[in-house]
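[1] I need the structure of the sequence given here:
(2 chains)
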Amino acid sequence: MSVDTTSVFAGVTPEPGAAKPDPILVADSVRRQFGGLVAVDVIHAEIQRNQITALIGPNGAGKTTFFNLLTGFDEPDGGTWTFDGHSVGGTSAYKVARLGMVRTFQLTKSLARLSVLENMRLGAGSQRGERLFAGPFRWLWRGQEQDITERADELLARFRLDQMRDEFAGNLSGGQRKLLEMARALMTDPTLIMLDEPMAGVNPALKQSLLDHIKQLKDEGRTVLFVEHDMDMVHEISDWVLVMAEGRLIAEGTAAQISGNQQVIDAYLGAHHDVDLGAMDDQEAMEKLGLDADDLGVEALAHIGETARGVGEPEGSA
Amino acid sequence: MNWSLIVWNALYTGINAAAAGYCLVASGLNVHVGYTGLLNFGQAGFAAVGAYAFAIPVATYGWEWYWALPLVFVASILFALLLGLPTLRLRADYLAIVTIAAAEIVRFFLNSVRFTWLTGGSDGRNQFTGFFQDLNPLENNARYKLGAQSIDGYRLFMLFVGWGLVALIALLVWALMRSPWGRVLKSIREDEDAARALGKNVLMFKMQSLILGGLIGSLGGLILSSQQQSAQSGQFATTLTFFCFTIIVLGGLGRVKGPIVGTIIFFFLIQLIDNTLEQATRRDKIPEWLVDQNNYGQIKFVVAGLALAALVVFRPQGIFGDRREQVFDVR
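    Now for the predicted structure:
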């Protein structure tokens, strides 16, 4: 961890919804429900400017849904959030991106039948040639296109994709596509870059260079928010970590603070992961779990269990 | 069998004014399907709007052509907006359903008895091609030889007008698709969420594509009705759309020359099969239990369908598509 981390987050209490000295993104009561399932219910969250923040949590915790909501790819059932002073709740995705809050996707979206270079060029914002009436007249956008191409080539070289420049993006490997998507997002010159599982499917040899790329983003003055399951990566590069479980923000802190947090361990492994329920009888197990037999209608459950066994399912309701 | 006549006839069908009209309608569809990935199954509706927006004011109200021509543009833009505003937010398959329905609504309206005073009903609209006849440097009713084919001056002139328009449109499409604007369309075809995430106003680009392709289709409809000097609602049935789909798949989706090559090959083959069968059945070269003179007309579509199926299986990128695009899985 870099040295300045301690200074920026020194006064921040490691608790869910903690206030930060200079937040770039502030979300309040963001809620999203799919039928009866509350996918996201975040009461308050702040992301510190020019830091690398990780968003972790077990599968189904609502991390990606939260990402989708913040970037305008999904509509919330309620809530407000501001990015860099702009209120962006309910804003369409493309406007959010134009403000400088740009995301990548968990399932890479490389544009298969466009060349790598064209993928990159697409990323550049406010292009004159993207206007219908300017399109047919090359002299109107030629100069700008050259500048864009130059910038694209620089980024491709940085991400070691320069030898793939003229290939169709569909011909790249999974890891290269991840790199391409990140590089393409950088073409927009984002203030806040949101990476959804940047390490998924990337081979170990490539991982270290990807980590360096992300660190470099911070050095360039950008803010990074990423969702990741790879704990090594979280430990290595994140300045601050948010933990989500069942749609809620359950913990915050530095990676070191988080790894000792009982609630986080419970969320990942289940609250009673270290208890061997199989060694106890029913009553003891119920007590241990703090459950009430009457509440659960255990008789009914037992009955169901018998029925299941009767039908001949050897591992039944376990 | 008279092979020279059969081949000449087939060649002429591949390049006549009607083929040019089809080629324009297909070029518009290529902008939608080939470049933007908009599954428009109602391209015939745009063609109908183009034909009648010119024919009705001229034939029914005696407008001058220079007022009627802008109306073609206005009407097809309005039709595109009407179609696009509610549906472009939806997934591709919904657009397909809505567009096919809209095109059929247009056709039934044009064919309805109630609006015969306006549209001519099942008689269609005639006598609106004075503009082209006056413009024609050739003698409108004189016969001209084109190979073994003898055609009148009007059709020959419309052949040049039609293909001239095709060339202009192809140039426009080429210039647009190499531009950053075309790049955004292609990115929408590949993955519209990715385009959105990069700050592109996807809805606006889709609408522009729908309008542009629709406009081109309307011009195609205008040529189709003008070359036969009659706007008929029956010309704009769903088969027109499906022929155009066949044409652009044949030529290669998302290629500038796709619709041109596709049109020529499609109509050449259809006519070749048709004439061959016609002569063969007449001269008893084919056993009657297989094909007779009453049903050979349907066989050409069976054969064409088989040919198309074979093409999609063995050369899915079309005749001029890029083989590399098929090497990897597109989705």
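[2] so B:T119 makes contact with B:R125?
    Yes: using C-beta atoms under 8 Å, B:T119 is in contact with B:R125, at 6.8 Å. Heads up, the C-betas are built off the backbone N, CA and C, glycines and all.
[3] overlap in contacts of those two?
    Common contacts of B:T119 and B:R125, defined by C-beta atoms under 8 Å, 6 or more residues apart in numbering or on different chains, comprise B:Y52, B:I56.
[4] so for stretch A:109-123, mean pLDDT?
    Per-residue pLDDT over stretch A:109-123 has a mean of 94.
[5] one more: stretch A:46-61?
    Mean predicted confidence for stretch A:46-61 is 92.
[6] in that stretch, what's buried?
    A:46-58, A:61 (16 or more other C-beta atoms under 10 Å in any protein chain shown).
[7] figure out how far it is from the centre of its chain.
    In terms of C-alpha atoms, centre = their mean, to the nearest Å, the centre of stretch A:46-61 is found 7 Å from the chain centre.
[8] and B:T276, helix, strand or coil?
    Secondary structure, DSSP: H, G, I helix; E, B strand; the rest coil: B:T276 is helix.
[9] actually A:A61, not the one I typed
    Assigned with three-state DSSP, A:A61 falls in the coil class.
[10] for the residue nearest to it when sequence neighbours are not counted, what are its contacts?
    Spatial nearest neighbour of A:A61, excluding adjacent residues (C-beta to C-beta, 6 or more residues apart in numbering or on different chains): A:M244 at 4.3 Å. Neighbour list for A:M244: A:V42, A:L55, A:I56, A:G57, A:A61, A:G62, A:K63, A:F66, A:I250 [criterion: C-beta under 8 Å, 6+ apart].
[11] likewise B:A170?
    B:A170 neighbours (C-beta under 8 Å, 6+ apart): B:S27, B:V256, B:K257, B:I260.
[12] need those residues in CSV with secondary structure and pLDDT, can you?
    Below are the contacts of B:A170 laid out as CSV (DSSP: H, G, I helix; E, B strand; the rest coil; pLDDT from 0 to 100):
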residue, secondary structure, pLDDT
B:S27, helix, 98
B:V256, coil, 93
B:K257, coil, 92
B:I260, helix, 96
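[13] ok, which pair from these is furthest apart?
    Spatial extent of the contacts of B:A170 (C-beta to C-beta) is set by the pair B:S27 and B:K257 at 10.1 Å.
[14] looking at those two, which is more packed in?
    Between B:S27 and B:K257, B:S27 has the larger neighbour count (other C-beta atoms under 10 Å in any protein chain shown), namely 30 against 14.
[15] check contacts around the residue lying closest to that one once chain neighbours are set aside.
    Counting by C-beta to C-beta, 6+ apart, B:S27 lies nearest to B:P259, which is 4.4 Å off, once chain neighbours are set aside. B:P259 makes contact with B:C23, B:A26, B:S27, B:L29, B:N30, B:C244, B:I247, B:I248, B:G251, according to C-beta under 8 Å, 6+ apart.
[16] SS state for the fifth one?
    By that I understand B:N30. helix.
[17] and it, how many neighbours?
    Using other C-beta under 10 Å, B:N30 has 31 other residues around it.
[18] neighbour-wise, which one of the contacts of B:P259 leads?
    B:A26 (33 neighbours).
[19] run through the strands of the stretch 101-250 of chain B in chain order.
    For the stretch 101-250 of chain B, applying DSSP state E, counting those that start in this stretch gives strands covering B:125-126, B:143-146, B:149-152, B:230-231.
[20] and the helices in the chain?
    Looking at chain A here, since you left the chain open. Taking DSSP state H to define them, one finds helices in chain A at A:3-8, A:63-70, A:93-99, A:116-123, A:138-158, A:174-187, A:204-219, A:231-237, A:255-259, A:262-269, A:282-289, A:293-296, A:298-311.
[21] ah, I was thinking of chain B
    For chain B, the helices defined by DSSP H occupy B:3-15, B:17-29, B:43-55, B:61, B:65-87, B:92-111, B:116-119, B:130-135, B:153-177, B:180-197, B:202-227, B:238-251, B:258-282, B:296-314.
[22] in contact with the residue of the stretch 201-318 of chain A found nearest chain B, which residues?
    Here the residue of the stretch 201-318 of chain A nearest chain B is A:L225; by C-beta to the nearest C-beta that distance is 14.3 Å. Applying C-beta under 8 Å, 6+ apart to A:L225 gives the contacts A:L25, A:I47, A:T53, A:A54, A:L55, A:L192, A:I193, A:M194, A:L195.
[23] between the contacts of B:A170, which sits nearest A:D266?
    B:V256 (60.9 Å).
[24] and the closest one, what does it touch?
    B:A170, B:V173, B:W174, B:M177.
[25] of those residues, grab the buried ones for ChimeraX.
    Burial among those is assessed by 16+ other C-beta under 10 Å; the matching ChimeraX selection reads:
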select /B:170,173,177
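[26] returning to that earlier point: would you format the strands of the stretch 101-250 of chain B as CSV with mean neighbour count, distance to chain A and mean pLDDT included?
    Compiled in CSV, these are given as follows (neighbours: other C-beta atoms under 10 Å in any protein chain shown; distance: least, C-beta to the nearest C-beta, whole Å; pLDDT from 0 to 100):
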stretch, mean neighbour count, distance to chain A, mean pLDDT
strand B:125-126, 20, 32, 91
strand B:143-146, 12, 34, 88
strand B:149-152, 14, 34, 88
strand B:230-231, 25, 29, 94
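[27] can you put those strands in JSON lines and add distance to B:G305?
    Listed next are these as JSON lines, based on distance: least, C-beta to C-beta, whole Å:
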{"stretch": "strand B:125-126", "distance to B:G305": "33"}
{"stretch": "strand B:143-146", "distance to B:G305": "29"}
{"stretch": "strand B:149-152", "distance to B:G305": "27"}
{"stretch": "strand B:230-231", "distance to B:G305": "29"}
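[28] go through those and name the closest to B:F79.
    Comparison of those against B:F79 by C-beta to C-beta identifies strand B:230-231 as nearest, at 15.8 Å.
[29] what is that closest one packed up against?
    helix B:43-55, strand B:125-126 (3 or more C-beta pairs under 8 Å, 6 or more residues apart in numbering or on different chains; DSSP states H and E).
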